[in-house]
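> Sequence plus predicted model, see below.
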Amino acid sequence: MPCYTTDEPIYALATPFSPSAIALIRGSGDDILSIIAPYFTSDFRKYPSSHAIHGFLKGTDGKNIDEVMIIKYEKGHGYTSEEAFEIMCHGSLPVIRSIEELLEAIGIRRAEKGEFTYRAFMHGRMDLTEAEAVEEIVRSKSEKAGSEALSRLTGAIKREAEDAKERILNILASLEVQLDYGEDEIPEDWEFPHDEICSIISRLEAIAATYSASRLYSEGAKVVIAGRTNAGKSSLYNAILKENRAIVSSEEGTTRDYLETDASIDGIPVRLFDTAGIRETDGEVEKEGIKRSEALMSDADLVVYVIDPRDDDTPPSGDNTLTVYSKRDITLRPDAISFSSVTGEGLDEVIRKIAECLMKGNTFTSSVPSIDSERQRDKLLETAAALRDAEKAVSSGYDIIALYLQSALSLLGELTGAVTGEDVLERLFSSFCLGK
Amino acid sequence: MSVSSHLSVWGNDMRDYDAIVIGGGHAGIEASLALSREGFETLLITQSLDAIGRMSCNPSIGGLAKGNLVREIDAMGGEMGHLIDKTMIQMRILNRRRGPAVQAPRAQADKFSYSRLAKETLEKEHHLHLFMDTVVDMIVDGGRAAGVITERGWHISAKTVVLTTGTFMDGKIFIGEYDASCGRLGESAAIGLGDSLRRLGFHTGRMKTGTPSRVRFSSLDLDEMEVQYGDAIMEPFSFESETIERPSLPCYITYTNETTHRIIRDNISLSPLYGGKIVGKGPRYCPSIEDKVVRFPDRERHQIFVEPEGVGTEEMYLNGLSSSLPESVQHDFIHSIPGLRHAEIMRPAYAVEYDYLDPMDLYPSLESKILPSLFIAGQTNGTSGYEEAAAQGLIAGMNAAQLLKGEKPVILSRTDAYIGVLIDDLVTKGTKEPYRMFTSRAEYRLSLRHDNADQRLTEISYNAGLATKERMTRLAKKSEDILSVKEILRKTRMDGRSCYDLVRMPETEITELSIPELSSFPSYVLHEAELDIKYEGYLQRQEKETEKAKRMENMEIPADFDYDSVDGISSESREKLKLVKPLSIGQASRISGVRVTDIAVLSVAVRSRKRG
């Protein structure tokens, strides 16, 4: 059950979740600076409170996420009066997402709405009136009403989650009955239901995997245009941009080796990259550029590989690669997708094909319903992990297995509504004939 | 001091007694002992001095979760552990195979010795007085409970009253068509008190429970039944008992069959439960045999335990056969069961329906919100079981004593004890069926083991003035021993690893390691050290949750807090908060249906009130 607390480390994005120049992420709670310190290249200890510190944030894998400024607040100084920080990062959605992922991974949870104000008040920030704190919480209640855990799940996914909950509850009840009644009353030994647990885990993971599909709509896909030098990459890039009248900005890539822009392809928000050409080279600078292109490609949702029909180039292998031929006006490849940036011929088809590829490999059409938030995905995966832990605890005794099953239920309960001890007993009494 | 010698001073400021306890059952015993042992002149009024500490139903104490309650009662200086240790006739540790945190002791009692010893124990207490009469009304003075009025016309005054009437308030028993105004078969109900309390504004309801027939030992076909022996070693419930040397009697196991079920089905319309005569809600976890047959028609048989009721009696208790069918039907279905074909039925099974008082009208101290100075404990609060009753009796008695001393009540939290879970559930959520303790009700059950009840609770009780100095000394020695054992394990190495790490593994037992230095420690010390080590990792996981819970428990809500003055709380939550009057934000958060945001708003409001 979520609840408003004080001192527990929390974070929240203070700026809107949309592409912008700069985003601000706040954190607050006991020891929050030492929690994040290992992932920040500068040393907080060298700076006084309320001081902005420049550095790089690193992910748990050690790779840089973004160049940021962090303002540190010692206890008693910040908005909440708790130890706190404010991260100012670049406002691109993948960057914000990566930072949020980092914070969750290191044990800082997402704040409830109004929780920062709540804490500020509880810690005696007298410049806040009670009314203000109450108002913010109450407002969050109405805002949240439409998006409360239970109603945020819709249709099929809700049924799936509830089905998983039911199945775990049944297993837990069959185990709890052994803990609440003696072996003389329930003489049958309990067997760990490996098959059932495995089936629940794979179901949960299948639903979680749909997240990348629905993410396309909420956060956009990463599409990288690649190919040899002069294959016609930039022409395609510019052609797609021409189709997009509603482009926000077209900025240069931070490395100057590629261009990136936000676009919309068939309604799917896309972050489009035009990379440096790939070719054998001895030039150090160019080598570096090619390395970066390859990194971008490996990370992309879709690589659009452009080939000049007059070259004997072959596209790289990979499920996420769409091969298109340029210069259709010069040499037409009837067996392949092609376009001409001069006549505009074939461009519509290329764009439609890109959209198709983005949707394909995403499981909208499969039997598994899809989810649309990272939080949902995380809870599903955490539930699956707790079930795996239960499996690992088989030799440790029923009480320990029960502990993990309960934790699986309470994680899933954040999506489906909480499961109480009373629910477990209810299930137990209705499924088992009990009572000496 | 007797009742009559003090009646003369009624009318001025003098009171007859410091405290009056109504009822001499398992709750009344603990309440009256707690009060008198703290030095308060206490009068226990009972309808029958011969029925003190009577086991109305099964002749056993303890069991899963219940055994933990008994040990907690003992750790706090209660009496139940001593009583069963001196009267047990079989003892078992349940669920040895199913995980150490959920093991618990259960013992069969010689119910007659138990009851006699209970009375003797009460009689030995200097400040405790026993009196046989029936309380019919409360004396109220200045809106507070100030004494009682009895059936024979006595007006007895006291500064505080503890009510523990069990199933006797307007109790009614049912056997087929037959019904009678009784609390137990052959014992009159307490008529009038329920009405008096309703007049005072108490909310009452009806509950139902039942008990099986008793049959004669010499009429059983023992060779047709399985024999169930107890453990070879009788382990004591009380932390003050060392070893128990008592004779052990076996129980017997038999099963119902298709014939039994057919007889029951054919006569189901004669059951007052199915005929609609009984309105009270019965317990789902302890159904009558007719319930089991109807609800689980696919079951080919149901297990029946035949348990001795004592050493000096032939009466045997048919555990699993509680019923309210007519006696002739009872005879038929009992005689259809192997081992019982020639059973001589000495007492019939019956259902009993009684008034209970809504426990949501109580504070967690068990003091009434409706009538201050009145404490209520036991089955009257909608619970079932001797252990649940005794646990409440102890807390009610202790808190009546705290009130007399002008001190803050003793309130155990859900993280402290099963007793804390029990009382918090009752006063925060109420109950719709007789409430029984289960391990699944406790969120932190891994730390609420029966063997560490003294470490969790004895000091709390000692500080309140009940647990004795001797208990504290004993506890200190035990804690020291456990530390020494852990230290020895850390220092001793085997196969390149410390024994401490070896014990951490689920499959390693401390005694298997055969460490000579450990041989001087008592087995319970070794056992407890072992469990501490095995559960260490899991307990640490739990600790963060426990801390969070404690912090919310520590945010107190003033007793006179005005919920109407807070904007932003939904009206549904507001009504519930006004009803429960939670003492802390933690308790408020457990009221069913109160929203998270309402709790947040409430804590803001409470905080701002405190700043003034």
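All right, it came through fine.

> contacts and neighbour counts: CA atoms only from here.
Fine.

> show me the contacts for whichever residue of the stretch 101-250 of chain B sits closest to chain A.
Residue nearest to chain A within the stretch 101-250 of chain B (Cα to the nearest Cα): residue B:102, separated by 6.2 Å. Contact analysis of residue B:102 by Cα atoms under 8 Å, 6 or more residues apart in numbering or on different chains lists A:179, A:399, B:64-65, B:95, B:439, B:445-446, B:449.

> try 10 Å this time
A:178-180, A:182, A:397-399, B:64-65, B:68, B:94-96, B:439-440, B:445-446, B:448-450 (Cα atoms under 10 Å, 6 or more residues apart in numbering or on different chains).

> And the residue nearest the centre of chain B?
The geometric centre of chain B, computed from its C-alpha atoms, lies nearest to residue B:388 (Cα atoms, centre = their mean), at 1.1 Å.

> So that residue: helix, strand or coil?
Secondary structure, DSSP: H, G, I helix; E, B strand; the rest coil: residue B:388 is helix.

> My read is that it contacts residue B:71, right?
No: using Cα atoms under 10 Å, residue B:388 is not in contact with residue B:71, being 11.9 Å away.

> In the longest helix along chain A, which residues are buried?
Of all segments of type helix in chain A, defined using DSSP state H, the longest is helix A:155-180. Going by neighbour count (16 or more other Cα atoms under 10 Å in any protein chain shown), the buried part of helix A:155-180 is A:157-158, A:160-162, A:164-165, A:167-180.

> check whether it contacts chain B.
Yes: remark: helix A:155-180 sits within contact range of chain B at A:173, A:175-180, by Cα under 10 Å from any Cα of the partner chain.

> With adjacent residues omitted, what lies nearest to the spatially most central residue of chain A?
Residue closest to the average C-alpha location in chain A (Cα atoms, centre = their mean): residue A:374, at 4.2 Å. Once flanking residues are discounted, residue A:374 sits nearest to residue A:211: 7.1 Å by Cα to Cα, 6 or more residues apart in numbering or on different chains.

> Around the one you found, how many other residues sit close by?
Using other Cα atoms under 10 Å in any protein chain shown, residue A:211 has 22 neighbouring residues.

> Also residue A:428?
Neighbours of residue A:428 (other Cα under 10 Å): 23.

> Return the per-residue confidence for it.
You'll see residue A:428 listed with a pLDDT of 71.

> which stretches of the stretch 51-200 of chain A form helices?
Here the stretch 51-200 of chain A has its helices, by DSSP state H, counting those that start in this stretch, at A:93-105, A:115-122, A:130-145, A:149-152, A:155-180, A:194-209.

> Any idea which of the ones you listed gets closest to residue B:569?
Of all those, helix A:130-145 sits nearest to residue B:569, with 8.1 Å by Cα to Cα.

> Among the contacts of residue B:102, which lie within strands?
Here DSSP state E is the test, and the contacts of residue B:102 give residue B:94 as lying in strands.

> Model confidence for residue 248, exactly?
No chain specified, so I'll use chain A. 36.

> meant chain B actually
94.

> Next, the contact list for the residue in the stretch 301-450 of chain B that chain A sits nearest to, please.
For the stretch 301-450 of chain B and chain A, the shortest gap (Cα to the nearest Cα) falls at residue B:320, measuring 4.1 Å. Taking Cα under 10 Å, 6+ apart as the contact definition, residue B:320 lies against A:434-436, B:211-212, B:255-256, B:286-289, B:292, B:302-306.

> So, low pLDDT: which residues of the chain?
Just so you know, I chose chain A. Chain A contains residues with pLDDT under 70 at A:1-2, A:126-156, A:212-220, A:243-257, A:267, A:276-287, A:360-373, A:417-419, A:421, A:433-436.

> try chain B instead
Along chain B, segments meeting pLDDT under 70 span B:1-14, B:611-612.

> Return the list of strands paired to the top strand by length along chain A, each annotated with direction.
In chain A, assigned by DSSP E, the strand with the most residues is strand A:64-73. Counting by DSSP bridges, the strands paired with strand A:64-73 are strand A:51-58 (antiparallel), strand A:84-90 (antiparallel).

> Buried ones in the shortest one, by neighbour count?
Just to be clear, that refers to strand A:84-90. A:84-90.

> By proximity to chain A, which residue of the stretch 51-200 of chain B wins?
residue B:99 (4.6 Å).

> Could I get the phi/psi values of the closest residue in space to that residue that isn't next to it in sequence?
Closest residue to residue B:99 apart from its sequence neighbours, by Cα to Cα, 6+ apart: residue A:397 at 4.6 Å. Note on residue A:397: its backbone torsions stand at phi 110, psi 150 [degrees, to the nearest 10].
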